[in-house]
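>>> Just to be clear, the model below is a prediction. Sequence and coordinates:
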Amino acid sequence: MKKILVIHGPNLDLLGQREQDIYGKVTLAEINAQLEKLAAQHQLSLTIVQSNHEGNIVDTIGQAKKNQFSAVLINPAAYTHTSIAIRDAISAVNLPTVEVHLSNIHAREDFRHMSLVAPVSCGQITGFGPHSYLLGLQAIIQLLNK
């Protein structure tokens, strides 16, 4: 069974409570349950991590190959725009990585338009709310089945 690492970045633990006009009412637990259901349909195993700490995210990505993950699905949240360390970790492990965002980062404030993660990812899915995660996992499934 292939293992997929799912990483939720800072403040995503507050989904359902924070800025519902931007992020909606769906909680992180509900997103995770949808991901688990889709993964099970494709005989995939998910390890899901949420962290508000950049170093924890970097460490988790850095151990991904050692822990025998086949791919990474990541919503780096605010670190999308600021973390060279997360970008470099993704590049270093050289695993298929898909970046996802609930909101359309390109339709928001100017500082959110730049993703440091996108250039080292296979692709970016942004703006489809919780469905962005499912689209991202579907993209990973396609990548792994090539």
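That came through, no problem.
>>> dump the residue contacts of the closest residue to residue 30 other than its chain neighbours.
Among residues not flanking residue 30 along the chain, residue 130 sits closest, at 7.2 Å (Cβ to Cβ, 6 or more residues apart in numbering). (Glycine included, C-beta is placed from N, CA and C.) Contacts for residue 130 (Cβ atoms under 8 Å, 6 or more residues apart in numbering) come out as 24, 26, 30-31, 34, 102.
>>> ok, now with 10 Å
Residue 130 sits next to 15, 23-28, 30-31, 34-35, 100, 102 when contact means Cβ atoms under 10 Å, 6 or more residues apart in numbering.
>>> Quick check: closest non-adjacent residue to the residue nearest the centre of the chain.
By Cα atoms, centre = their mean, the chain has its centre lying nearest to residue 74, at 1.7 Å. Nearest non-adjacent residue to residue 74, counting by Cβ to Cβ, 6+ apart: residue 7, 4.4 Å away.
>>> any chance you could map the helices in the chain?
20-23, 28-41, 54-62, 84-93, 131-144 (DSSP state H).
>>> about what we covered before: can you list the contacts of residue 130 in JSON lines and add neighbour count, pLDDT and distance to residue 92?
Shown next, in JSON lines, are these (neighbours: other Cβ atoms under 10 Å; pLDDT from 0 to 100; distance: Cβ to Cβ, whole Å):
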{"residue": "15", "neighbour count": "22", "pLDDT": "86", "distance to residue 92": "29"}
{"residue": "23", "neighbour count": "19", "pLDDT": "67", "distance to residue 92": "30"}
{"residue": "24", "neighbour count": "16", "pLDDT": "69", "distance to residue 92": "33"}
{"residue": "25", "neighbour count": "11", "pLDDT": "81", "distance to residue 92": "37"}
{"residue": "26", "neighbour count": "17", "pLDDT": "91", "distance to residue 92": "32"}
{"residue": "27", "neighbour count": "16", "pLDDT": "95", "distance to residue 92": "32"}
{"residue": "28", "neighbour count": "17", "pLDDT": "96", "distance to residue 92": "27"}
{"residue": "30", "neighbour count": "14", "pLDDT": "97", "distance to residue 92": "32"}
{"residue": "31", "neighbour count": "25", "pLDDT": "97", "distance to residue 92": "27"}
{"residue": "34", "neighbour count": "16", "pLDDT": "98", "distance to residue 92": "30"}
{"residue": "35", "neighbour count": "21", "pLDDT": "98", "distance to residue 92": "25"}
{"residue": "100", "neighbour count": "26", "pLDDT": "98", "distance to residue 92": "21"}
{"residue": "102", "neighbour count": "22", "pLDDT": "93", "distance to residue 92": "27"}
